[in-house]
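Asker: Dropping the sequence and predicted coords here.
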Amino acid sequence: MGSRLRPAALWGAALAVAGGAAAVAVWAFVRSRVPPPAARPPPAAAAAAAAQGRGRSRQILVLGLDGAGKTSVLHSLAASRGKRSAAPTEGFHAVCVNTEESQMEFLEIGGSEPLRSYWRRYLPRVLLLVYVVDAADHARLPVAKQLLHQLIQSDSTLPVVVLANKQDLEGAYCITDIHDALALSDIGDKRKMFLIGTHVAEDGSEISSSMKDAKELITQLVLETQ
């Protein structure tokens with residue numbers, strides 16, 4: 001897979017893991033402290049997906065705290081143009097991204113506290129987890145770390161792509177700092193995990209090379225996992 005990625009993507013992932021490898025196996029045993037379910041039920045389509053059999057669907061789950069930039073990232077992946085979204089996702093947001101190799105279905109769940117109870121319900125039925133972190137929001141990185149570790153407890157083999165987003169903002173942590181803040185070194189050896197720094201332009205211009213790298217990586221992981 002490494003031969004398919006641009007040097008920037010490999011460099012970004014390599015800086016974030018011990019030994020310079022682009023992928024690191026990770027596992028964690030952390031007690032779950034997910035808040036109680038929100039009063040509002042998920043949309044009918046999302047509920048139907050959750051009610052499927054034990055096998056995984058073709059969906060890619062996109063999670064992260066509110067304000068991390070999940071919707072903006074998805075728009076960039078789908079439209080290949082930068083566009084930041086200021087409005088937080090209030091529930092569920094589905095996006096289909098077509099590439100030459102495959103059709104990818106992304107399901108974003110809002111990151112506000114009431115919606116986090118849904119996160120783990122969908123995790124067992126997806127091919128891949130994309131976890132978006134606001135690299136400039138230092139104060140909430142401990143919360144992002146805790147929630148990520150709780151999630152990966154649920155499935156010891158699900159591939160994870162962590163996007164250290166908003167790298168263009170002043171004061172944003174680089175990927176090595178994000179790696180430390182999320183304690184990725186504390187996780188074991190049964191999972192593919194990648195860490196890439198990303199940002200989304202505000203002016204609608206073509207997506208950055210880092211977003212292209214993220215899209216290529218996600219596409220390849222989906223092809224390998226199906």
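Answerer: Now that the structure is in, tell me what you want to look at.
Asker: wait, isn't Lys192 in contact with Ile152?
Answerer: No: applying C-beta atoms under 8 Å, one finds Lys192 not in contact with Ile152, separated by 11.5 Å. (Each C-beta comes from the backbone N, C-alpha and C, glycine too.)
Asker: Please enumerate the helices of this protein.
Answerer: 7-16, 44-50, 70-79, 119-122, 141-154, 175-181, 209-225 (DSSP state H).
Asker: Throw the ones you listed into CSV and include distance to Leu61, thanks.
Answerer: Output for the helices of the chain, formatted as CSV (distance: least, C-beta to C-beta, whole Å):
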stretch, distance to Leu61
helix 7-16, 20
helix 44-50, 10
helix 70-79, 11
helix 119-122, 6
helix 141-154, 9
helix 175-181, 20
helix 209-225, 12
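Asker: worst average pLDDT in those helices?
Answerer: Ranked by mean pLDDT, these end with helix 7-16 in last place, scoring a mean of 37.
Asker: hmm, back to that, pick out whichever of Lys192 and Ile152 has more residues nearby.
Answerer: Shown here are Lys192 and Ile152; by other C-beta atoms under 10 Å, Ile152 has more neighbours (25 against 19).
Asker: Now do the contacts for Val132.
Answerer: Applying C-beta atoms under 8 Å, 6 or more residues apart in numbering to Val132 gives the contacts 62-64, 68-70, 73, 162-163, 165.
Asker: same thing with Ala135?
Answerer: With C-beta under 8 Å, 6+ apart, Ala135 has these contacts: 164-167, 169, 172-174, 177-178, 197.
Asker: about what we covered before: of all the helices of the chain, which lies closest to Glu108?
Answerer: When those are compared for distance to Glu108 using C-beta to C-beta, the nearest one is helix 70-79, at 5.1 Å.
Asker: Report the angle between the closest one and helix 209-225.
Answerer: Counting by axes from the mean of the first three to the mean of the last three C-alpha atoms, to 10 degrees, helix 70-79 points 80 degrees away from the direction of helix 209-225.
Asker: list the buried ones in helix 70-79?
Answerer: Using 16 or more other C-beta atoms under 10 Å as the test for burial, helix 70-79 gives 70-77.
Asker: What about Gly91, how many residues nearby?
Answerer: Gly91 has 17 nearby residues by other C-beta under 10 Å.
Asker: do the same with Ala214
Answerer: Count around Ala214 with other C-beta under 10 Å applied: 25.
Asker: so it touches Ala164, yeah?
Answerer: No: counting by C-beta under 8 Å, Ala214 sits too far from Ala164 to count as a contact (10.4 Å).
Asker: Need the overlap of contacts for the two.
Answerer: 196, 198.
Asker: Give me the distance between Pro159 and Val222.
Answerer: 9 Å (C-beta to C-beta, to the nearest Å).
Asker: shared neighbours, the two?
Answerer: 127-128.
Asker: rewinding a little: anything in contact with each of Lys192 and Ile152?
Answerer: Val160.
Asker: I'd like the contacts of Ala135 as a markdown table, with distance to Ile207 and neighbour count appended.
Answerer: Shown next, in a markdown table, are the contacts of Ala135 (distance: C-beta to C-beta, whole Å; neighbours: other C-beta atoms under 10 Å):
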| residue | distance to Ile207 | neighbour count |
| --- | --- | --- |
| Ala164 | 16 | 29 |
| Asn165 | 13 | 29 |
| Lys166 | 14 | 24 |
| Gln167 | 13 | 21 |
| Leu169 | 17 | 12 |
| Ala172 | 18 | 19 |
| Tyr173 | 21 | 21 |
| Cys174 | 20 | 14 |
| Asp177 | 24 | 15 |
| Ile178 | 20 | 25 |
| Gly197 | 14 | 28 |
